[in-house]
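Engineer: next comes the sequence, and after it the predicted model I'd like to discuss.
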Amino acid sequence: MKGFGVVLLVGLASAALAGCGGDNTTTFVLDSGSPTAAASAAASASASASAAPASSTLPTTAATPIPGTLKIIIDSPDASTAISSPVQVSGTASVDKGTVVGVVVDAAGNELGRATATATASKPDYGHYDLTISFTGATSGTKGQIKVYGVSPRDGTTPTSYYFISVRFS
């Protein structure tokens, strides 16, 4: 009987530990297992759970993951906003090395100005970014766009994860 109890105990412990792991069929928004994701998951899973100690490499501001498959968005300014130079652009991104590039273009697609910033977290986590884009050559009352994107870690220039909004120049 003692041997059966040990087998039962080992079986229950194995089942409990197996329930702690993830399966490959579940899709997580933050699937990195990084300290940021683990701390967020632990904090939201239970009020009594203790989070991992903070690290100086963690971002100072966490960002909410973007719904759907988008990896970068513009929170401000709003689409169809009249803008002038310099324009403040902010949003959320999950891009390689946290590098976000913002470009102001006119209706013909001509680049009028560009700026680069680093988000508070990098892929696969989500971080906030703030850009100040100075631009010249815009005609008041005409339409244009603000485009933001991440860049490939291979060469640091190839655009990835595009997002854009339409604007009017004031």
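Structural biologist: On my side now, so go ahead.

Engineer: which residues touch the residue lying closest to residue 169 once chain neighbours are set aside?
Structural biologist: Counting by Cβ to Cβ, 6 or more residues apart in numbering, residue 138 is the residue found nearest to residue 169 once chain neighbours are left out, at 3.9 Å. (C-beta placed from N, C-alpha, C; glycine too.) For residue 138, the contacting residues are 85, 104, 106, 112, 144, 169, taking Cβ atoms under 8 Å, 6 or more residues apart in numbering as the criterion.

Engineer: and what about residue 138, helix, strand or coil?
Structural biologist: Under DSSP: H, G, I helix; E, B strand; the rest coil, residue 138 falls in the coil class.

Engineer: phi, psi for it please.
Structural biologist: With angles defined as degrees, to the nearest 10, residue 138 sits at phi -80, psi 140.

Engineer: could you do the one 10 residues further on as well?
Structural biologist: Residue 148 has phi and psi values of phi -130, psi 150 when expressed as degrees, to the nearest 10.

Engineer: any idea what the closest residue to it other than its chain neighbours is bridged to?
Structural biologist: Distance criterion Cβ to Cβ, 6+ apart; nearest residue to residue 148, sequence neighbours excluded, is residue 102 at 4.8 Å. Going by DSSP bridges, residue 102 is paired in beta bridges with residue 115, residue 148.

Engineer: residues contacting residue 102?
Structural biologist: Contacts of residue 102 by Cβ under 8 Å, 6+ apart are 89, 114, 115, 116, 117, 131, 133, 146, 147, 148.

Engineer: and which of those is nearest to residue 70?
Structural biologist: Ranked by distance to residue 70 (Cβ to Cβ), the contacts of residue 102 are led by residue 148 at 11.2 Å.

Engineer: count the neighbours of the closest one for me.
Structural biologist: 27 (other Cβ atoms under 10 Å).

Engineer: same check on residue 153?
Structural biologist: Counted with other Cβ under 10 Å, residues neighbouring residue 153 total 14.

Engineer: which of the contacts of residue 138 ranks first by neighbour count?
Structural biologist: For these, neighbours tallied by other Cβ under 10 Å; top is residue 104, 27 neighbours.

Engineer: would you list the phi and psi of that residue?
Structural biologist: Per degrees, to the nearest 10, the backbone of residue 104 is at phi -100, psi 130.

Engineer: just checking, it touches residue 133?
Structural biologist: Yes - when contacts are counted by Cβ atoms under 8 Å, residue 104 is listed as touching residue 133 (5.3 Å).

Engineer: anything in contact with each of these two?
Structural biologist: Shared contacts of residue 104 and residue 133 (Cβ under 8 Å, 6+ apart): 85, 87, 113, 114, 146.

Engineer: chain neighbours aside, what residue packs nearest to the fourth one?
Structural biologist: By that I understand residue 114. residue 103 (5.0 Å).
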